[in-house]
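Participant: Would you be able to build a 3D model of this:
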Amino acid sequence: MFPGSAIDVSLRDYDDSILEAYRVLFPGDPDKSPELLKWRFHANPHGPARFAIATRDDGAVGMIALVPTALGNAPGTGRGYQAIDTVVDRSCQGQGLFVKMGLLAQDAAMLGGEVLWGFPNANASPGWYRKLGWTNFGPAPLLMRPLRSSFLLGRVHPKLRSIDLPLIRRHASFPAYNSGTEFASDADRLWRRIAPQFGIAVNRSGEWLRWRLFDKPGTNYRCVGMKSDGGQLEAFVATKLAAKHGARLCYVMEALAAPVQSADLTAMLLGELSRAARQGAEAALAWCPRWAPNYAAYRRAGFLPVPPRLRPIEINFGARALTQESARAAAADARWYVSFLDSDTN
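Facilitator: Numbering: from 1, shown residues only. From the prediction side, this is the model:
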């Protein structure tokens with residue numbers, strides 16, 4: 001608490017008051033429905049969420065949601081929290097409320113975590129980086145590949161958008177998973193084999209992947225896999241089609257493989273991009289750091305890095321170590337692996 005003020009700031013667990021806070025602070029947002037909030041904050045296999053909440057007269061006027069994340073290859077215990085849904089009511093802006101909530105969120109003893117991390121947008125970045133001591137790892141590692149001529153020509157002139165031809169030839173697709181249980185079992189074994197090569201990353205265990213890709217309400221992700229003759233999953237690609245930023249886009253949520261299967265991962269990506277283009281997707285987007293083992297497969301599949309000046313919105317990546325034991329996680333040279341699976345908006 002911050003006594004002596006008309007506004008109180010506290011750290012809370014997920015309950016009905018959080019649902020009411022979302023209703024007040026994010027009115028009419030379809031991505032904040034009770035079903036989605038329960039899925040994200042209550043059903044997460046990495047644990048229950050916490051919330052830095054600011055209240056005035058028992059009504060919410062600010063919030064930072066803190067999603068638990070088990071971090072692999074991280075120093076210390078690897079217990080982290082991803083900060084999302086940062087908001088301050090318009091009537092309370094300019095009063096330092098964001099910093100008060102952020103300081104409470106970064107109290108390791110109260111939070112029960114060692115690393116706070118996330119993807120601040122243009123509005124939130126100054127607060128996290130300048131006032132709360134986050135390390136700025138730079139813009140999210142966005143890659144893009146045009147899939148139809150309308151995407152490029154429409155940016156030259158709106159009338160040219162009607163010229164709509166595929167920019168990728170037909171490629172064979174791979175079998176898709178229909179069962180989250182089967183996918184979780186297969187993907188769990190794959191991730192355990194390859195995780196040490198992916199730096200600091202959210203533990204993509206089978207249980208977490210099923211929660212993220214199969215259990216999310218109202219979202220239809222497509223997951224395809226390639227197995228060895230012995231039935232072992234060697235690579236998988238997860239995608240989602242969505243209309244955003246004025247175009248129909250194919251989001252590559254994840255593309256993972258054992259390093260020796262990099263060429264097969266490229267073939268899988270091309271198969272999914274070809275399918276997406278036939279379904280009207282104008283471009284494909286992905287997040288992948290340059291150093292990551294799967295980056296070469298993206299490049300061979302035609303993806304190119306997108307300079308920050310060409311991006312429709314500003315999304316940065318940063319982290320703050322909350323204990324001495326976890327300090328290396330926020331060092332300037334720390335290697336974090338992120339994909340769209342780590343985005344709370346996809």
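Participant: need the strands for this protein, in chain order.
Facilitator: With strands called from DSSP state E, the chain shows them at 8-13, 50-56, 59-72, 79-88, 115-118, 135-139, 142-146, 201-202, 222-227, 233-244, 247-257, 283-287, 304-305, 316-321.
Participant: Measure how far the second one is from the centre of its chain, please.
Facilitator: A distance of 23 Å separates the C-alpha centroid of strand 50-56 from that of its chain, computed with CA atoms, centre = their mean, to the nearest Å.
Participant: That strand - contacts with which helices or strands?
Facilitator: When contacts are defined as 3 or more CB pairs under 8 Å, 6 or more residues apart in numbering; DSSP states H and E, strand 50-56 packs onto strand 8-13, helix 16-25, strand 59-72, helix 97-105. Quick note: C-beta positions are derived from backbone N, CA and C, even for glycine.
Participant: cool, the third one as well?
Facilitator: Here strand 59-72 is seen to pack against helix 16-25, helix 34-42, strand 50-56, strand 79-88, helix 97-105, strand 115-118, strand 201-202 when contacts are counted using 3+ CB pairs under 8 Å, 6+ apart.
Participant: Report the buried residues of that strand.
Facilitator: 60-72 (16 or more other CB atoms under 10 Å).
Participant: Could you check the longest helix along the chain and say which residues are buried?
Facilitator: Under DSSP state H, the helix in the chain containing the largest number of residues is helix 262-278. Judged by neighbour count (16+ other CB under 10 Å), helix 262-278 contains these buried residues: 262, 264-277.
Participant: And for stretch 314-324?
Facilitator: Within stretch 314-324, the residues that count as buried by 16+ other CB under 10 Å are 315-323.
Participant: Those residues: which two are farthest apart?
Facilitator: Within the buried residues of stretch 314-324, Ile315 and Thr323 form the most distant pair, 26.8 Å apart (CB to CB).
Participant: low pLDDT regions in the chain?
Facilitator: Applying pLDDT under 70 to the chain flags residues 1-5.
Participant: Domains in it, by residue range?
Facilitator: 8-138+315-324, 142-314 (automatic domain parsing).
Participant: Can you check which of these gets nearest to Ser339?
Facilitator: domain 142-314 (4.9 Å).
Participant: Would you work out how far apart the start and end of the closest one are?
Facilitator: 11 Å (CA to CA, to the nearest Å).
Participant: And for stretch 110-118?
Facilitator: Stretch 110-118 end-to-end distance (CA to CA) = 19 Å.
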